[in-house]
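Trainee: what's the 3D shape of this:
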Amino acid sequence: MRLVTDDERRARLALRHALAVPVGSPEAATEAMTALHATEPATVYLSCWARVRSLSVADVDRALYVGRTLAKQLAMRRTLFVFPVELLAAAWPSASARVAATERARMARDAVTAGFAEDGHEWLDRARTAVIEALEAVPDGRSALELRRAVSLIDIKVAVRAGEMWTAGRILTHLGLTGDLVRGVNTGGWHVSRPRWTLMRHWLPSLPPLMTAEEGYRELVRRWLYSFGPGTEDDIVWWLGSTKAVVRAALASLEAVPVTLNGGATGWLLPGDLDEVPAPPDWAALLPVLDSTVMGWKGRDFYLGPHRDQLFDNRGNAGTTAWFNGRAVGCWVQDAAGVVRLRLLEDVPPQGRSLLEAEAERLTAWLDGFRVGSVYSSPAMKAAPAHHAR
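Mentor: This next block holds a predicted model:
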């Protein structure tokens, strides 16, 4: 089998993820990554900023809410992503459907446990129908608060178990998983999530036909292999949030080709993607918390080196990262004035430091004094004081 070294994997990452060679639009940035992490609203904008020069907040808003070429969808690992809209036809019957089935079973049990339903599935069906009916004549959608007021059936707040509350948001989330609702126009700033929940058929009246579950998984794995390959079976299982059987079936259907990785593990590539990829010129990038690059693999040593514990919190969530030539070499934070500061975890050559400083200055100018908050802070981010690399 062909050996794909860690150096080549980093070269592929640099080029496929639009980090060494930027692209021209939020759509192209999303396509490059297969999907963008959207757990924190600001991540979508900052992930696009890292990959698109001359980007504005309005450019991302246009793609999400005006042109509607991108859409937010809960899918793999019960994580919120931004997808190219054409990929929804693959995500809904596969990754999203898997999460929806798990959530449905849990919600039905919780409705009975909380005491407001004798038959949890019957109650959930009535609640879902009532929300859809409340949105039929409102093409612009409604906020969660407006829906609670309009649909008394879902206006419930009760502790199901210690530390876990049942709220109307669970119904809306489930309707989003099944593709009935979409997080529509955001009524808050770019860094917060205050969507008007909208019927998907109002938001995107024409979509390609749904794939089967098998076809959907196959397409997601195909896209992942191009964006992130080579990767191991375990990498794909983790990213997809599915089973080895599903991943093996997709790899077989795609006629994926096994390759050897440093350390002896077996990775996979698409059959038309076997040529060696040379390293691009030196490059640097500053990525936000939970960026799709840093969260793309289960096996992360080839780009994290010894820094995993410093760049991830104890729940496996990535903080901000600073990259040089395909490796995460530190993180970035903002000071009280909003200036982006670097915290490097290793020695970086002068050329790398200069490139990183230039990115820090570019991001400082783009944020223009706005300080991005996050609930995900890595140990490196918390370390004080933040400082320039020089």
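
Trainee: residue ranges with poor pLDDT in the stretch 251-390 of the chain?
Mentor: For the stretch 251-390 of the chain, the stretches flagged by pLDDT under 70 are 384-390.

Trainee: go with 50
Mentor: Within the stretch 251-390 of the chain, the ranges that satisfy pLDDT under 50 run 386-390.

Trainee: now the helices: where do they sit in it?
Mentor: Counting by DSSP state H, counting those that start in this stretch, the stretch 251-390 of the chain has these helices, from start to end: 301-304, 308-311, 350-367, 379-382.

Trainee: quick one: buried residues of the third one?
Mentor: Neighbour-count burial for helix 350-367, with 16 or more other CB atoms under 10 Å as criterion, is recorded at Gly352, Arg353, Leu355, Leu356, Glu357, Glu359, Ala360, Leu363, Thr364, Leu367. Backbone N, C-alpha and C define where each C-beta goes, glycine included.

Trainee: which of those lies closest to Leu55?
Mentor: When the buried residues of helix 350-367 are ranked by distance to Leu55 (CB to CB), Leu363 comes first, at 11.2 Å.

Trainee: quick revisit: turn the buried residues of helix 350-367 into TSV, columns for distance to Arg104.
Mentor: Shown next, in TSV, are the buried residues of helix 350-367 (distance: CB to CB, whole Å):
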residue	distance to Arg104
Gly352	49
Arg353	51
Leu355	48
Leu356	46
Glu357	50
Glu359	44
Ala360	45
Leu363	41
Thr364	45
Leu367	40
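
Trainee: just give me the longest strand of the protein.
Mentor: When secondary structure is assigned using DSSP state E, the longest strand within the chain turns out to be strand 327-334.

Trainee: which one of the helices of the stretch 251-390 of the chain lies closest to Met165?
Mentor: Between Met165 and the helices of the stretch 251-390 of the chain, the tightest spacing by CB to CB is seen for helix 379-382, at 28.2 Å.

Trainee: what's the spacing between the closest one and its chain's center?
Mentor: Between the mean C-alpha location of helix 379-382 and the chain-wide mean there is a distance of 21 Å, by CA atoms, centre = their mean, to the nearest Å.

Trainee: again, but for stretch 131-139
Mentor: The offset between the C-alpha centroid of stretch 131-139 and the centroid of the whole chain comes to 28 Å, using CA atoms, centre = their mean.

Trainee: quick check: angle from the longest strand of the chain to helix 350-367?
Mentor: 40 degrees (axes from the mean of the first three to the mean of the last three CA atoms, to 10 degrees).
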